[in-house]
Every structure is written in C-alpha cells, then in structure tokens.
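*Asks:* Below are the sequence and a predicted model; questions follow.
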Amino acid sequence: MLEQIEGSVAVARAVALCRPEVICAYPISPQTHIVEGLGELVRSGALSPCEFINVESEFAAMSVAIGASAAGARSYTATASQGLLFMAEAVYNASGLGLPIVMTVANRAIGAPINIWNDHSDSMSQRDCGWLQLFAESNQEALDLHLQAFKLAEELSMPVMVCMDGFILTHAYERVSIPSQAEVDAFLPPYEPRQVLDPNEPVSIGAMVGPEAFMEVRYLAHKKQRMALERIPEIAAEFRARFGRDSGGLLHPYRMEDAETVVIALGSVLGTLKDTVDELRAAGVPIGVLGIASFRPFPLEALRAALSPAKRVVVLEKSFSVGLGGVVSTDVRLAVAGLALRGSTVVAGLGGRAITKDSLLCVLARALRDELPDLTFLDLDQGLVDRQLERERAVRRSGPIAENLLRDVGTVASKVH
Amino acid sequence: MLQIRIHGRGGQGVVTAAEMLSLAAFEQGRFAQAFPSFGSERTGAPVVAFCRIDDREIRLREPIQAPDVLIIQDPTLLHQVDVFQGLKPEGYVLINSKRSFDELGIQDVLRRFRRERLVTVPAGEIAMKHLRRPLPNAALLGGFAALSGLVALESVASAIRHKFKGAVAEANVTAAREAFTCVQRELEELNHARAN
C-alpha cells in the first residue's frame, strides 16, 4: 500500500514485517524515531511475539542482540555515530561469531566537534568489521533493503548493516509502498539458525581460537562475503519479481550508456546527483552515475566492468580518511587498477553540509575539463581555514579550533574570555 | 516542481506543517517530500522546514534555496532572519500576523513581488480561538490553500486528521477552514481595491 510517511517509520514498519523476535536498542539521533516506532508496535501488540529490550548503552544493545541471536531469535538493533563506536567491540564479535543480526545505521558524523548531522563517517569506521554494509538511496530502498538484509544475513549466517542517511532520509516524509505481511512472509522464510544455544543439545559458542585456525575463521568470513556478491543480485532479482521494483543489488547504474565520465556515490546524494547528471546530459555531456549499493562486500569486478569503457571517474563521498583522502575512493582505485582512467575524489557533505546541485555542477564542470585535482573538498571555506592557520602561526596559545572557527563565522559559541 | 519553505520557531509545529502539506499533496495523488532543517533545535529558536511537490518522483535532496512559496509562522523572524532569501519573483508569501505588510515594516516586499500573492492572516489568533494554544501551523495551511489554490482545503483537512486525532484534529480543521475563509476575503478585498 502506498503511504506518505517518515523514513524512520517506514523502516520500523519494514522491520516489523520481518517478524523480529528480539529488538534491543539505545536511542541516539537520528536513529531515535526508528526504535520509537518499533517500541510502539511491540507495546500495542501489532508486532508479536517480540521482546523489546531496553538497554543501558549501545554496547549492551549489541551484546543483547548477540545473545538473542545465539539463542535462535531473529534479532534487530539500530544506532548511529558515537553509538556505533561505543558498540564497536561487540560489532566485531557479532560478525566473528557469524550471527545474522540486522542493524540499521542512521548515518551521522562522528565528533569531536560534536555534530548530529549526516555523513558516512560512522559506518565507514566499521568498514572492516566483517558485517555486510548496504546503502539506501531513498526511503523506499531503505524499507526494501531491510527485507533483503534479513534474508541475506540468515542465508549466510552473517550480520548485515543497512545504512541510511540520517535526517536526510530518516526524517524525510515521502511516498513509500509498504508490502503486505503475506508478501513479506513469502519472501523471507522463518529463521533457521546454523548454530543455536539449546539446553537440550548443549554447545558452546565463542571458543578461543589460536594461531592454528584463526586465519581460517577470518578467511571463511571473507569467503561468505564473496558468496554474498552472487547472492545480493539474485535476492534483488527475486525482490523485483515479487514486489515489482528495483532495490538493492550491487550497483545502481544511471545513464551509463556511452558515459565518458562516471560519478560514483553512496546513499541519498545519488538523487541530487541524478538530477544534476540529467541536466548535463541534456547539454550533451556523456556522463553517468554509478551508485554503490553494496559497500561490503565491495563489488570489485562489477565496478571494473562498469567503469572499463569510461575515461574519467569522480568519487563523491561523505567520508574522509584524515591524512589520506577518500575512503570509498581507495576501494574504487583497487577496482580500476591498470585501467587508463583519470580519477579524482570529491569529499562532500561532512557534518551535514548541504550538497547542492549548483555545487555539483561546478565541481563536475572542472572534472570535465580535467582541472579537478586528486582530492577536492566540496564548498570548503578556504578563508576560514587560512585564518585559523594564521592564528596558530601568530600565537602559541591560539585556543580551541572549533570555538575559533565558530566565532570567525559568527555563530554564537562559548567565549574564551 | 513546487518548492515551499516554512519559517517559524521551535515548538510552533513548523516541521509538522511541512509534513501535513506533503500529506495533503499525497492525498491529491502527487509526489511530495517534506523534511526539516536538520539540527538540535530548541523551543523558540528559528526553525525551517521544507516541502517539495511534483507530478513525478522527487530525487533532489538539497535544502530549498529558491522557494516558490514562503510560509512565515512567526512574524518576529521578519527582522531577524532573511526569510525572503531566494524567493522566486512569482512567489507566494503567507505570514501569520493580524497586521498588514505595511504595519510589519516590510513594504519593500510588496514592491518586489506580485501583490495578489502576498497575504497576512491572523493564524495565531485563530488557533488560540479553536485550540486554546498558539499553534498556527494548521490554520496557515488552510490559508495557503486559499492563497494559491495549489492544494485543496479538503486535502489539508484530511492531512490534519491523519496527523492528529479526535477533538485536536477537528479544532485544527476548524482553524484551517477559518483561515481559508479569511484569506479568501482578503483576496477579494484586494481585487475590489484594484478594480476601483
């Protein structure tokens, strides 16, 4: 049924349709509305049988999800930003143990400086944790990816993270099609665990593994992610056959026919990017967009195949590896190694800075003229940076950077003196 | 694509107004996207919310910088925030106030934009009368329906009933209807004055 609802509510409804048996979460912006929505569905009895467990922290949330999943329950949690960092040790444990937990990450920046707005720093910080990471472009896709995530997670016995842009998607009201319970039940079979803590057939889960087999356990996790590279498109195809729309998969190609320039991105910015590319195409520019829907596993071969005919690739990313540059770009470079392709990275939208069509048109125009350096920061206020560097040169006790910059741009902040 | 920007203060239901407007458009079979100016807004702090309406899927995710419509929920913002920034020359302006543009000290706006698209409506007073709370959002949406005809009053009413329940919903619907009539009358008077 078509409904006009908030992204968080759409995700809560999608998760409920997957019949989770245990939900545990600790509230943090911008994830809050998702777990509030689920809490309400459990309280009202609309989602039953399901236990909603209030926990004292994100670390506890993931620990409870691990325990519940090991006991054979379909388990779900959600978090963002510092919350994901706080649960990090348990996040690695969930994948190391091979437990098919599904978690929504409502993508948000990481402090300091504290910032509640959107970028991809949080989920990227857990890039190597062994979880699969799927990125949603719209609220419809966020909803759809949760159905696919449970299926994928349980088939492989591996945890899946569904990443959706905090605020931009979680707090946006838009049209979504909500499937019926019968449709979801036909798509997602009941959870059949590979390993389960059962008093009648006692096993232990979580053995210490020494040098004799640790690498093999890790390799198996990698192997399963490689298997997921095949399953993800198959599941997306099955989803399309049942629900009649494209969601998920490995890559989202858009206007890639004869594209000499390809812009790569993840998440909701793909929408603005597609509008931008439509404008450039209308002016005769052979340019296309390639959305990465599955960041882990990373679709190296599919990406290489899609980029082979191109001359230029621009990676537009909301993540940043301080001291290096792009995070996604590094992986893209690996995919295109040896191809004669000019590549550049545009870091954009950090801490919620709006990524506008006008700014994209400017930066892409430079890319088309081959004037874009290897690394660009979209709409960076260079003057603000230079003035701070000057302050630091002028006096030793130049004070806290964040407060200096806020005072410089005229935002009311704490006064030092 | 129609782009609407709503300005107000935290606690005045600015975000809810944008959401209800998107619901009203959805009710009319259109595509709509509503979203807040993201942040840790506090009660009383300036807040902005956005709504886009179109006949096709809306993919654009940037904040609205060149709106077709401005709804100002709190007139004290007029001299504090540049609310008119980017407003298109053909744009609509609806301000919650019992005072006129002249009395509000924004005569220049009358010269810069089309006169018949600029209206004030005492939405706060209307809300106090029906809700006993100064929450002007629903009333302003009724006023917007009258001002622009871009959304139907009945769709606004159904959006209000979707968002609120029972007596609160009905009081808001009544407020929206009163503001609708109020703006209609104002536009008629404006027409007469021009004809004369």
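*Replies:* That came through fine.

*Asks:* So what's the residue count around the residue of the stretch 301-417 of chain A at minimum distance from chain B?
*Replies:* Residue nearest to chain B within the stretch 301-417 of chain A: residue A:356 (4.4 Å; CB to the nearest CB). Where C-beta positions appear, they are placed from N, C-alpha and C, glycine not excepted. Neighbourhood size, residue A:356 [other CB atoms under 10 Å in any protein chain shown]: 19.

*Asks:* Who are the contact partners of it?
*Replies:* Neighbouring residues of residue A:356 by CB atoms under 8 Å, 6 or more residues apart in numbering or on different chains: A:272, B:62, B:63, B:65.

*Asks:* Quick check: the first one touching residue A:358?
*Replies:* No: between residue A:272 and residue A:358 there is no contact, the gap being 10.4 Å when judged by CB atoms under 8 Å.

*Asks:* The two: which is more packed in?
*Replies:* residue A:272 (23 against 11).

*Asks:* mind checking the SS state of residue A:30?
*Replies:* coil (DSSP: H, G, I helix; E, B strand; the rest coil).

*Asks:* any idea how far it lies from residue A:55?
*Replies:* Per CB to CB, to the nearest Å, residue A:30 is found 19 Å from residue A:55.

*Asks:* Of the two, which one has the most company?
*Replies:* The residue with more neighbours, out of residue A:30 and residue A:55, is residue A:30; 25 against 16, by other CB under 10 Å.

*Asks:* residues touching the more buried one, list them.
*Replies:* Neighbour list for residue A:30: A:8, A:80, A:106, A:108, A:116, A:118, A:166, A:167, A:170, A:171, B:38 [criterion: CB under 8 Å, 6+ apart].

*Asks:* Can you pull the phi/psi pair for the third one?
*Replies:* Torsion angles at residue A:106 (phi, psi; degrees, to the nearest 10) stand at phi -90, psi 90.

*Asks:* Tell me, how many residues neighbour it?
*Replies:* Residue A:106 has 35 nearby residues by other CB under 10 Å.

*Asks:* Correct me if wrong: it contacts residue A:35.
*Replies:* No: using CB under 8 Å, residue A:106 makes no contact with residue A:35, being 10.0 Å away.

*Asks:* what residues are shared contacts of these two?
*Replies:* Joint contacts of residue A:106 and residue A:35 (CB under 8 Å, 6+ apart) are residue A:78.

*Asks:* contact partners of stretch B:42-54?
*Replies:* Residues contacting stretch B:42-54 (CB under 8 Å, 6+ apart): B:1-12, B:14-15, B:17-19, B:21-22, B:25, B:30-37, B:41, B:58, B:60, B:63-64, B:77, B:80-81, B:150-151.

*Asks:* how about 7 Å then?
*Replies:* By CB atoms under 7 Å, 6 or more residues apart in numbering or on different chains, the residues outside stretch B:42-54 that reach it are B:1-11, B:14-15, B:17-18, B:21-22, B:25, B:30-37, B:41, B:58, B:63-64, B:77, B:81.

*Asks:* how long is stretch B:31-45 end to end?
*Replies:* Distance across stretch B:31-45, first residue to last, is 30 Å (CA to CA, to the nearest Å).

*Asks:* now, which of the contacts of residue A:30 sits nearest residue A:232?
*Replies:* residue A:106 (21.8 Å; CB to CB).

*Asks:* Break chain A into its domains for me.
*Replies:* A:2-243, A:251-377, A:389-417 (automatic domain parsing).

*Asks:* Would you single out the least confident of those domains?
*Replies:* In terms of mean pLDDT, the lowest-scoring of the domains of chain A is domain A:389-417 (a mean of 84).

*Asks:* Which of the residues in it are classified as buried?
*Replies:* A:404, A:405 (16 or more other CB atoms under 10 Å in any protein chain shown).

*Asks:* What of stretch B:126-136?
*Replies:* B:126, B:127, B:130, B:131, B:135, B:136.

*Asks:* hmm, who's touching that stretch?
*Replies:* With CB under 7 Å, 6+ apart as the criterion, stretch B:126-136 contacts B:12-13, B:73, B:96, B:123-124, B:139, B:171-172, B:174-175, B:178-179.

*Asks:* Looking at those residues, spot the one nearest chain A.
*Replies:* Distances from chain A to these, taken by CB to the nearest CB, are shortest for residue B:13, at 14.1 Å.

*Asks:* what about the closest one, neighbour count?
*Replies:* Count around residue B:13 with other CB under 10 Å applied: 24.

*Asks:* which non-adjacent residue is nearest it?
*Replies:* The shortest distance from residue B:13 to any non-neighbouring residue, by CB to CB, 6 or more residues apart in numbering or on different chains, is to residue B:137 (3.8 Å).

*Asks:* so that neighbour makes contact with residue B:19?
*Replies:* No: the criterion here is CB atoms under 7 Å, and residue B:137 misses it with residue B:19 at 9.6 Å.

*Asks:* remind me, longest helix of the chain?
*Replies:* This is for chain A. The longest helix of chain A (DSSP state H) is helix A:214-243.

*Asks:* could you do chain B instead?
*Replies:* helix B:166-195.

*Asks:* three-state assignment of the most centrally placed residue in chain B?
*Replies:* Against the mean C-alpha coordinate of chain B, by CA atoms, centre = their mean, the closest residue is residue B:71 at 3.6 Å. Following three-state DSSP, residue B:71 is assigned to strand.

*Asks:* Number of residues surrounding residue 6?
*Replies:* Because you didn't say which chain, this covers chain A. Quick note: residue A:6 (other CB under 10 Å) scores 23 neighbours.

*Asks:* that answer is for a different chain, and I need it for chain B
*Replies:* Neighbours around residue B:6, by other CB under 10 Å: 33.

*Asks:* Mind checking what secondary structure it has?
*Replies:* Going by three-state DSSP: residue B:6 is strand.

*Asks:* can you pull up the bridge partners for it?
*Replies:* Note on residue B:6: beta-bridge partners by DSSP bridges are residue B:49, residue B:71.

*Asks:* Contact partners for it?
*Replies:* So residue B:6 contacts B:14, B:17, B:18, B:48, B:49, B:71, B:73 (CB under 7 Å, 6+ apart).

*Asks:* list the helices and strands the least confident helix or strand in chain B by mean pLDDT packs on?
*Replies:* Using mean pLDDT, DSSP states H and E, helix B:107-112 stands out as the lowest-scoring helix or strand of chain B, at a mean of 91. Using 3 or more CB pairs under 7 Å, 6 or more residues apart in numbering or on different chains; DSSP states H and E as the contact definition, helix B:107-112 packs against no other helix or strand.

*Asks:* Write out the residues of chain B neighbouring chain A.
*Replies:* Contact residues, chain B versus chain A (CB under 7 Å from any CB of the partner chain): B:19, B:22-23, B:26, B:31-36, B:38, B:40, B:59-63.

*Asks:* where in chain B is pLDDT low?
*Replies:* For chain B, applying pLDDT under 70 flags the ranges B:38-41.

*Asks:* Now do the contacts for the residue lying closest to residue A:229 once chain neighbours are set aside.
*Replies:* Spatial nearest neighbour of residue A:229, excluding adjacent residues (CB to CB, 6+ apart): residue A:297 at 5.0 Å. Neighbouring residues of residue A:297 by CB under 7 Å, 6+ apart: A:132, A:225, A:226, A:228, A:229.
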